[in-house]
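Trainee: kindly generate the corresponding structure for this input.
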Amino acid sequence: MNGRTGEAVAETRDTGLPEPSEPARPPGTPDGNVTARRTLRTHFGTVVGVAILGALLWRLGTGPLVDGLRRIDTATVLAALGIGAVTTVFSAWRWQLTARGLGIRLPLGAAVADYYRALFLNAALPGGVLGDVHRAVRHGQSAGDIRRAVKAVVLERVAGQLALAVCGAALLLTLPSPVRDDLRTVAVPVALAGAGALAVVLAVRMNQAPGRRTGSLPGSGLLREARQGLLSRESGPGIALSSVVVLAGHLGMFVVAARIAGSGASVPMLLPLAVLALLAMGLPLNVGGFGPREGVTAWAFAAAGLGAGSGVAVAVVYGVLSFVAALPGAAVLVARWAGALRGYPRGAVGASGEVSSRKYGSKFSTRPASRPFPFSTEARDGRPMTPDSV
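Mentor: Numbering: from 1, shown residues only. Predicted structure coming up:
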């Protein structure tokens, strides 16, 4: 019995067929563990942001937060919309200049509309970057070069972060802040290390043969495109000016939020705290911007002797005002969705459902309208998405 049983088992294994209890999966289908890990990575930032908010509200209560939100009136909403209009226009101008430096055409009116839409999607969706991805892909489809369009958006965001780093470091080093002493301690070693690294790179570059200098260093192509997009003579001054104006608008919005939340701290005391809050907003661990910003602001206000509860209230009011400032982006979405549902003028679409090449050029090839959905990153329903069509 045992011998025949062993032979039967061996024959079953030799056939190579899966056991009945473990049905075979189609090729390329991930198992449950892989799917769970992907889901966890996708929603990790949202979960962390919710956890931070929950911990703060549980520890500090909702009293200061509710009081701050109740003080938002019509004048505050109009102020938020005004500041948001200034920062959005200058941000769109910075994007236009960056795209032009990379050789991509982007009219200012189209850039403003797309930037408003991106801000609204960033504020309404988890992660805080989906709107930027959307505008990069849409602009790339309209320009016929998604690769350079994505780089233009990335470089535009990098310009804003560089302005925040430079101006923020100056404010944190000069004005009273909870981190001023620590920054002064590490500022000199960091500056010396950066200068040493730059000197090494330049020395390696100069010691190479002239014919091998171009593109010889790792990342030289990326640095060359960064210079073209951000540091050219035509675009560099405008990008620097727009970045400073945008940063000033964000700092002004924080001061307004502090006054609405009932904080009586002076502006020189609030500016370093605002820089810390803006730095925390760059972390991809938030829900529509909420999360680390509130945690860092609560700690900064407590360290400055202003109260952690007041810091949470200011951060939340700032988030609400920022969302209000991005609301015109919802109007852009609705307007484009309505335009897609209404269709197109006569003569724009031929009998085959394709766009007339006399109007849009022979290089564009589109398919018939299928999904008039405002969040789609594809060409708009039978007509190529171009900056002029905004």
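Trainee: residues of the helix or strand where residue 259 lies that come out buried?
Mentor: Per DSSP states H and E: residue 259 is located in helix 236-260. Across helix 236-260, burial judged by 16 or more other CB atoms under 10 Å covers 236, 238-240, 242-243, 245-260. (Each C-beta comes from the backbone N, C-alpha and C, glycine too.)
Trainee: what pLDDT is listed against residue 187?
Mentor: Per-residue pLDDT puts residue 187 at 62.
Trainee: before we move on, what about residue 26?
Mentor: Residue 26 is given a pLDDT of 53.
Trainee: packing partners for the helix holding residue 259?
Mentor: Contacts defined by 3 or more CB pairs under 8 Å, 6 or more residues apart in numbering; DSSP states H and E place helix 236-260 against helix 74-101, helix 146-174, helix 267-281, helix 308-325.
Trainee: make a markdown table out of the ones you listed and add mean pLDDT.
Mentor: Below are these laid out as a markdown table (pLDDT from 0 to 100):
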| stretch | mean pLDDT |
| --- | --- |
| helix 74-101 | 95 |
| helix 146-174 | 92 |
| helix 267-281 | 92 |
| helix 308-325 | 90 |
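Trainee: between the ones you listed, which gets nearest to residue 123?
Mentor: Proximity to residue 123 (CB to CB) singles out helix 308-325 among the helices and strands packed on helix 236-260, at 4.8 Å.
Trainee: okay, angle between that closest one and helix 236-260 too, please.
Mentor: For helix 308-325 against helix 236-260, the angle by axes from the mean of the first three to the mean of the last three CA atoms, to 10 degrees is 130 degrees.
Trainee: and after helix 308-325, which helix or strand comes next?
Mentor: Moving toward the C-terminus from helix 308-325, the next helix or strand (DSSP H and E) is helix 328-342.
Trainee: put the alpha carbons of that next one into PDB.
Mentor: Extracted C-alpha coordinates of helix 328-342, given in PDB (Å, rounded to 0.1, in the frame of the first residue of the first chain):
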ATOM      1  CA  PRO A 328     -11.600  78.800  -9.600                       C
ATOM      2  CA  GLY A 329      -9.900  75.600 -10.700                       C
ATOM      3  CA  ALA A 330     -13.200  73.800 -10.200                       C
ATOM      4  CA  ALA A 331     -14.800  76.400 -12.500                       C
ATOM      5  CA  VAL A 332     -12.200  75.600 -15.100                       C
ATOM      6  CA  LEU A 333     -13.000  71.900 -14.800                       C
ATOM      7  CA  VAL A 334     -16.800  72.400 -15.100                       C
ATOM      8  CA  ALA A 335     -16.400  74.800 -18.100                       C
ATOM      9  CA  ARG A 336     -14.200  72.300 -20.000                       C
ATOM     10  CA  TRP A 337     -16.500  69.400 -19.200                       C
ATOM     11  CA  ALA A 338     -19.500  71.400 -20.300                       C
ATOM     12  CA  GLY A 339     -17.700  72.400 -23.500                       C
ATOM     13  CA  ALA A 340     -16.900  68.800 -24.200                       C
ATOM     14  CA  LEU A 341     -20.500  67.800 -23.700                       C
ATOM     15  CA  ARG A 342     -21.800  70.500 -26.000                       C
END
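Trainee: where does the stretch 101-250 of the chain have low pLDDT?
Mentor: 127, 182-192, 194, 198, 201-221 (pLDDT under 70).
Trainee: can we see that at 50?
Mentor: For the stretch 101-250 of the chain, applying pLDDT under 50 flags the ranges 213-218.
Trainee: about what we covered before: make CSV from the helices and strands packed on helix 236-260 and add mean neighbour count and distance to residue 296 to it.
Mentor: What follows is the helices and strands packed on helix 236-260, written out as CSV (neighbours: other CB atoms under 10 Å; distance: least, CB to CB, whole Å):
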stretch, mean neighbour count, distance to residue 296
helix 74-101, 20, 21
helix 146-174, 18, 13
helix 267-281, 22, 4
helix 308-325, 26, 8
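Trainee: quick one: which of those helices is nearest residue 223?
Mentor: Among the helices and strands packed on helix 236-260, helix 146-174 comes nearest to residue 223, with 11.4 Å by CB to CB.
Trainee: and the pLDDT at residue 373?
Mentor: 40.
Trainee: and the helices and strands packed on helix 236-260 as a markdown table, adding distance to residue 197?
Mentor: Below are the helices and strands packed on helix 236-260 laid out as a markdown table (distance: least, CB to CB, whole Å):
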| stretch | distance to residue 197 |
| --- | --- |
| helix 74-101 | 26 |
| helix 146-174 | 17 |
| helix 267-281 | 23 |
| helix 308-325 | 35 |
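Trainee: for residue 114, find the nearest of those helices.
Mentor: Once CB to CB is applied to the helices and strands packed on helix 236-260, the stretch that comes out nearest is helix 74-101, at 7.5 Å.
Trainee: taking helix 308-325 as reference, get the angle to that closest one.
Mentor: 70 degrees.
Trainee: neighbouring contacts of the following helix or strand past helix 74-101?
Mentor: The C-terminal neighbour of helix 74-101 among helices and strands, as given by DSSP H and E, is helix 108-124. Helix 108-124 is contacted from outside by 84, 88-89, 91-93, 95-96, 128-132, 134-135, 138-139, 288-289, 322-323, 325-333, 375, 387-388, 390, using CB atoms under 8 Å, 6 or more residues apart in numbering.
Trainee: which residues touch residue 257?
Mentor: Contacts of residue 257 (CB under 8 Å, 6+ apart): 68, 314-315, 317-318, 321.
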